[in-house]
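Colleague: I'd like to go over a predicted model; first the sequence, then the structure.
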Amino acid sequence: MSELILELFSEEIPARMQVGAARDLERMASDRLKDAGLEWRALRTFAGPRRLTLWIDGLPAATPDRSEEVKGPKTSAPEQALDGFLRKTGLRREQLVERDGVLFAVIDQKGRPTSDVVAEMVEQVVRSFPWPKSMRWGDGTLRWVRPLKRILCVLDGEIVPFEIDGVASGNVTEGHRFMGSGEPFEVVDFDGYRGQLADEFVRIDSGERAYVIEEAAHAACRNVGLELVPDQGLLDEVAGLAEWPTPILGEMDPQFLDLPPEVVRLSMKVHQKYFAVRDPARDGLAPNFVVVANVEASDGGKALAAGNSRVLSARLNDARFFWDEDRKPGAIDGWLEKLKGVTFHAKLGTLAERGERIEALAREIAPMVGADPDAAALAARYAKADLASGMVGEFPELQGIMGGYYLREAGEDAVIVDAVRDHYKPQGPNDTAPTAPETVAVALADKLDTLVGFFAIDEKPTGSKDPYALRRAALGVIRLILENDLRVPIRRLAFMHLWLVTERIAEEPMKALEGLPYALVREAGGDVEAAAREAGWEAKIDTMFHGTRDLVAFFVERLKVLLRDGGRRHDLVDAIFALGDDDMTRVLSRIDALSAFLATEDGTNLLAGYKRASNILKAEEKKGPLPTGLPVDLAGAPAAETDLIAAASHAAAEVEAALSVEDFDVAMEALARLRAPVDAFFEAVLVNSDVAEERENRLRLLGRVREVMGQVADFGQVTG
């Protein structure tokens, strides 16, 4: 069995592209080798600042012989069809096999040397590699992320010969750009390749580089009684910047620690790729940083630390300038005025208009979440103000955070400060959802304005494309509702806010809402559709609410994804959503109650009875309309039939009462009591009786059972 080593050596590969490149190399190489019939014991890929490496162990010397049977025309087919098939397969008529009046060609293919397959695979991979950005250089036509300098390709110690755009394959590579010997060396096997590169100050494994950085950085901090501030994203990035990473602890001017810690950390991270350091003896950052060098300095890194300290001071001086300018009296009101000239979206108005919409919606949401309407509205008014500040212009990642700082500096109440600071949350699955009522109100208003607005102008996510992060916004709304156990009807909120959005959209189809009195909306409980019907706008409703209905369906799909990811069965999610409920907290309670019910013996058996009844009803429905009305006790009817009539009547009342107080466990218990009479009915009663009255009554009875169970869930959606 053979070992393959492939190294694609180039100028510096951007760190953000390395992980994806290693994945793509593994996928593309695997697919092509498998298509050729090759198998192997182990395969790994590695990515670093200047090289992509593929290692495969256990390859055979050649691909296996293959025998493929190709179906051809019938024996009665015209001669032209037969001639075409023979040309396609390269066989003669007597070489074909006849079976059941059909001709088949058996094509035998001899195995090919693995080196030939590898050469073809590498060229295909290199020429079609999906870099996010690529370039051409010199006179060649090849595109690569940076100029490709060398291709090492060795199979079982021997060079696999090929050439791609003037770059010939070989068996040599080189080490570290600065610390290495500067002399290329030959490669025979993977252990030697990895070992020689380590001797030349190159670590090919990004995981190993990240481990070295983390351990050495923590050790450097511990030696002086400090702690490293963890940052996994930064760690992953710097692991792709250095082939021989060497963390160095540096010092910064302590005067900069009076800046907000987020500003200091972001200045370090974004501009310099430094790690922040904290002092465990006090609250806050220490006047230090950790820089990851790509060399081992002879002075232990003192000169490097000093140079980086000077660069960091220049960056933080810029940040101090923004901080001081942004805190001048009247700055916040000036920003609000400035937002009037900043377009949010051509069809959705300016950032100032968006702020007005968020303020109005936050006031409406506040009572639903236990917040003070005036406080929620005030926080919403200032929520986007810092977008016009100098600091957020320099560091967009600090939007909201800086607004909170500036409002606190201006003496604003802590409730308002917190709501502005946290209203973007949650921004991802690992981000916490706020719990303070005013913050929740503003966060919901912010996300709902985004969703309603973009759905109203038909800018919806399509496939993998979601340029306005609407999926993230919808998940944020869902998490805010569920994690705070809120009773917020999404459909009502979407309809209410549609009215606010459409006041500022000057084109069809949404301008159809202009003139609808908001008082009428309030009288309709926030249901804009009901208000529109009341106003006699019957003909405009479909046009007006198409986008909002799509938005509600979008929320449903996002919630289904979230619940399925949390372990809920997808069919139970569908069974509850089929009822049309849009109160997410209530939907979740229904799903949990249904799951518990179906886990019992009564639940399993009743589900089987439901499906049997549904199948009978569906079959009868094909013959004609089903009989309507409630079932009645016919004289002489079997006891099993009359018992089920009574049980269905009792269950209907119990289920209705339980659902009215949202006691879904009690509703399921009421259904459980149907299990025995349903089983007895199917054992003792023939539904399709020869007596027309009996047959119609029994169909009504099955319909009644289905109707009662359908109040709790659409059991037809349950697959288990």
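Modeller: Received, thanks.
Colleague: which other residues reach stretch 199-212?
Modeller: Residues external to stretch 199-212 that are found in contact with it (C-beta atoms under 8 Å, 6 or more residues apart in numbering): 18-19, 22, 46-48, 51, 53, 174-176, 179-181, 185, 194, 197, 235-236, 239-240, 242-245, 296. C-beta: built from backbone N, CA, C; applies to glycine.
Colleague: Quick check: strands, which of those residues are part of them?
Modeller: Of the contacts of stretch 199-212, the ones assigned to strands by DSSP state E are F46, A47, R51, T53, F185.
Colleague: Next up, the contacts around the first one.
Modeller: F46 makes contacts with A22, L52, T53, W55, I204, D205, S206, as judged by C-beta under 8 Å, 6+ apart.
Colleague: of the contacts of stretch 199-212, buried ones?
Modeller: Buried subset of the contacts of stretch 199-212 (neighbour count, 16 or more other C-beta atoms under 10 Å): 18, 22, 46-48, 51, 53, 174-176, 179-180, 185, 194, 197, 235-236, 239-240, 242-245.
Colleague: sorry, back to before: which of the contacts of F46 sits closest to L579?
Modeller: The nearest member of the contacts of F46 to L579, counting by C-beta to C-beta, is A22 at 46.8 Å.
Colleague: hang on, that closest one packs against W55?
Modeller: No: the pair A22 / W55 is not scored as a contact, 11.5 Å apart, by C-beta atoms under 8 Å.
Colleague: Give the intersection of the neighbour lists for these two.
Modeller: Taking C-beta under 8 Å, 6+ apart as the contact rule, A22 and W55 both touch T45, F46.
Colleague: what's the pLDDT at L520?
Modeller: According to the predicted model, the pLDDT of L520 comes to 48.
Colleague: ok so V154 is a strand residue?
Modeller: Yes: according to DSSP: H, G, I helix; E, B strand; the rest coil, the state of V154 is that of a strand.
Colleague: give the contact list for it.
Modeller: L4, I5, V160, N171, V187, V188, D189.
Colleague: so which strand or helix has the first one?
Modeller: Spelled out, that is L4. Assigned by DSSP states H and E, L4 falls within strand 2-10.
Colleague: quick one: which two of the ones in strands among the contacts of stretch 199-212 are the most distant?
Modeller: Within the ones in strands among the contacts of stretch 199-212, A47 and F185 form the most distant pair, 20.8 Å apart (C-beta to C-beta).
Colleague: now the contacts of V154 as TSV including pLDDT and distance to E11?
Modeller: Output for the contacts of V154, formatted as TSV (pLDDT from 0 to 100; distance: C-beta to C-beta, whole Å):
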residue	pLDDT	distance to E11
L4	96	24
I5	97	21
V160	96	24
N171	96	21
V187	95	20
V188	94	26
D189	95	27
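Colleague: could these go into CSV alongside neighbour count?
Modeller: Shown next, in CSV, are the contacts of V154 (neighbours: other C-beta atoms under 10 Å):
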residue, neighbour count
L4, 26
I5, 25
V160, 25
N171, 19
V187, 22
V188, 15
D189, 15
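Colleague: Take the residues you listed and keep only those in strands.
Modeller: For the contacts of V154, membership in strands holds for L4, I5, with DSSP E as the criterion.
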